[in-house]
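Chemist: Got a sequence here, can you model it:
(one chain, ligands or ions: 1)
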Amino acid sequence: MRQTEGGVMIEGPACYAELGRALMGRGTVVVTRDESKVFPGAEVARNLTQALAVAEGMNWAGPTWITGGERIYAEGLPWCSKLYITHLERDFEGDRYFPLDWKRWFSRCTWSQKGQEGDLSYRFEVWET
Ligand SMILES: NC(=O)c1ccc[n+]([C@@H]2O[C@H](COP(=O)([O-])OP(=O)(O)OC[C@H]3O[C@@H](n4cnc5c(N)ncnc54)[C@H](OP(=O)(O)O)[C@@H]3O)[C@@H](O)[C@H]2O)c1
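Modeler: Okay, here's the model as predicted:
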């Protein structure tokens with residue numbers, strides 16, 4: 001998450017709720033069709049195209065980050081030039097999924113590093129188009 005400092009995060013309402021607030025030190029745009037929802041500290045957009053335009057107009061020098069959830073990733077990946085992804089070396093039950101076909105948009109792995117957190121192994125990678 002620290003990578004996003006100085007830039008703008010585009011996220012859905014569930015992601016905003018999970019974080020509990022707009023993170024300090026970066027801009028946040030929440031994408032929702034529900035006009036009654038409020039997100040303190042964040043801008044609001046009705047769709048991803050609008051969210052990208054809002055992010056462009058905000059006063060942050062860093063990149064715009066697509067930070068989920070499921071549909072925002074699915075719609076946003078074609079717009080991205082880099083993917084920062086962590087592969088957990090174990091299977092988990094889930095009800096939200098990252099697009100299985102993400103390699104359609106990213107062909108070169110430009111950084112890879114293994115890590116360990118307790119008994120959980122993971123691999124952090126950066127992919128580029
Ligand atoms: N591990 C990770 O890296 C990671 C990353 C991201 C998320 N997550 C987790 O995944 C879960 C969130 O999943 P989610 O996919 O349900 O959450 P979400 O994307 O945060 O929220 C889903 C909502 O986003 C809005 N939305 C999505 N696409 C839209 C579009 N194109 N136009 C307008 N509104 C749109 C809709 O809200 P309205 O119904 O209000 O219109 C939709 O119900 C959370 O638990 C989060 O922590 C994990």
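Chemist: Run through the residues that contact the closest residue to residue 82 other than its chain neighbours.
Modeler: Using C-beta to C-beta, 6 or more residues apart in numbering and skipping residues adjacent in sequence, the residue nearest residue 82 is residue 128, 5.5 Å away. C-beta here means a position set from N, CA and C on the backbone, and glycine is covered the same way. By C-beta atoms under 8 Å, 6 or more residues apart in numbering, residue 128 lies in contact with 81-83, 106-108, 110.
Chemist: For residue 128, list each beta-bridge partner.
Modeler: Beta-bridge pairing for residue 128 (DSSP bridges): residue 82, residue 108.
Chemist: any idea how far the ligand is from it?
Modeler: Separation of residue 128 from the ligand (C-beta to the nearest ligand atom, to the nearest Å): 19 Å.
Chemist: Quickly note the distance from that residue to residue 21.
Modeler: 31 Å (C-beta to C-beta, to the nearest Å).
Chemist: before we move on, back to that, show me just the buried residues among the contacts of residue 128.
Modeler: 83, 106 (16 or more other C-beta atoms under 10 Å).
Chemist: Any chance of the contacts of residue 128 in TSV with distance to residue 53 as columns?
Modeler: Written out in TSV, the entries for those read as follows (distance: C-beta to C-beta, whole Å):
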residue	distance to residue 53
81	18
82	20
83	22
106	24
107	28
108	28
110	28
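Chemist: what about the helices in this protein?
Modeler: Here the chain has its helices, by DSSP state H, at 13-19, 48-57, 70-76.
Chemist: for the first one, packing partners?
Modeler: For helix 13-19, the contact count by 3 or more C-beta pairs under 8 Å, 6 or more residues apart in numbering; DSSP states H and E identifies strand 27-31 as packing neighbours.
Chemist: OK, contacts around residue 43?
Modeler: Contacts of residue 43 by C-beta under 8 Å, 6+ apart are 27-30, 54, 58.
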